[in-house]
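In: Predicted structure and sequence below. I'll ask about it afterward.
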Amino acid sequence: MTEKKEYIKLLTDLKSKIRQAQYKAYRAVNTELISLYWDIGESIVAKHEELGWGQKIIQKLSEDLQKEFPKNSGFSERNLKYMRQFYLEYKDSPKMQPLVAQIPWSHNLIILDKTKNDYEKEYYCRMVLKYGWSKRILVHQIETKSFERFLADTKSHNFDTTLPVEVLERVEPVVKDNYMLDFLEISDSIKERALEGKLLENIRRFLLELGTGFSFIGHQYKIVLEENEYFIDLLFYHRYLKCLIAIDLKIGKFIPEYAGKMNFYLNLLDDKVKLPDENPSIGLILCKEKDNIVVEYALRNITKPMGVAKYYLTRELPADLVKQLPAPEVIEAKLKELGEENER
């Protein structure tokens, strides 16, 4: 038995090392590719400025480069124009250059096309680096105004008093303060069970909004305690946090009683469902409205880690949320903090 355990441990360690090596190799190749595209863009701009060449030179370059490198699809006229735009966008931004060099070219193009200013670009670059967002997730996050919601974020949770420091650093960025559920296409008057049903019908899009690492376990998840049965609205497992995440859906404003109920559910999960090597289960109460002061008092003596978040049913951010968007120096401070999290 001991020999088998040692083999499994060895195999797990080797798999981890191989994946890390593969990822480092991919990052190295990607960095070289971005560096090449930067040089091409710089060369095109330099010749335009030096010799006054027009746009037709890009078409000619594309034709000749594709003849020389027929197996490389990166030298289309459209892509060469993007290289020029890429260089012009970041040539005077030493802060952004190391960020864009680390993310895939396809992600860079999405950020170039769909964001308006350097603050947005920095945020989405850092989030791609932090969470490994796919192109689909990146587009979804931009379209649902993830950046604006990040700026207005006032998180409501008790993680700092209920989780070990090493777990807290990984959990805190995962549970957001607000979630965009506009894809449900429902009205404000929907009932809780109907809201749950709509989320289940759109579970793939809900997983996109939750973020990287979430795996769906089930809805109305039953736990038996003696002669009683209890049901958790939605239960997920987070691969990177290695913990269960229970979500309780509420169609109205947060009230303190919800915290006690979630605390009870988390006790049951930790005692009856959680595996010995997993981290403590986390609760998320998802409400239409919340008062952060009320949430703070409700969570003060709660022993299990949980957060309270709002959901929005439309992409049009409420006027009060837009008004909360901070001054440039505050935005820079939040982005700096996000960068420090990435480094950790």
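Out: Okay, I see it.
In: Okay, buried residues for stretch 164-177 please.
Out: 167, 170, 171, 174, 175, 176, 177 (16 or more other Cβ atoms under 10 Å). For the C-beta atoms, the positions are set from N, CA and C on the backbone; glycine is no exception.
In: Among these, which ones are in helices?
Out: 167, 170, 171 (DSSP state H).
In: and which of these is nearest residue 36?
Out: residue 170 (34.6 Å; Cβ to Cβ).
In: Can you tell me the closest non-neighbouring residue to that closest one?
Out: Excluding the flanking residues, the one nearest residue 170 by Cβ to Cβ, 6 or more residues apart in numbering is residue 241, at 5.8 Å.
In: so the one you found touches residue 171, yeah?
Out: Yes. Look at residue 241 against residue 171 with Cβ atoms under 8 Å: they come within range, at 5.9 Å.
In: what about the strands in the stretch 201-344 of the chain?
Out: All strands of the stretch 201-344 of the chain, identified by DSSP state E, counting those that start in this stretch, fall at 214-225, 228-238, 243-249, 282-287, 306-312.
In: right, and these - which one's nearest residue 159?
Out: Closest among the strands of the stretch 201-344 of the chain, once you apply Cβ to Cβ, is strand 306-312, at 7.1 Å.
In: And the residue nearest to residue 170, how far from residue 287?
Out: Per Cβ to Cβ, to the nearest Å, residue 241 is found 22 Å from residue 287.
In: Give me the domain ranges for the protein.
Out: 2-149, 155-324 (automatic domain parsing).
In: Make a markdown table from those domains and add mean pLDDT and distance to residue 332 to it.
Out: Putting the domains of the chain into a markdown table (pLDDT from 0 to 100; distance: least, Cβ to Cβ, whole Å) gives the following:
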| stretch | mean pLDDT | distance to residue 332 |
| --- | --- | --- |
| domain 2-149 | 87 | 8 |
| domain 155-324 | 89 | 17 |
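In: Which stretch among those domains is buried most, on average?
Out: domain 155-324 (a mean of 16; mean count of other Cβ atoms under 10 Å).
In: Distance from that domain to the middle of the chain?
Out: The chain centre lies 16 Å from the centre of domain 155-324; the measure is Cα atoms, centre = their mean, to the nearest Å.
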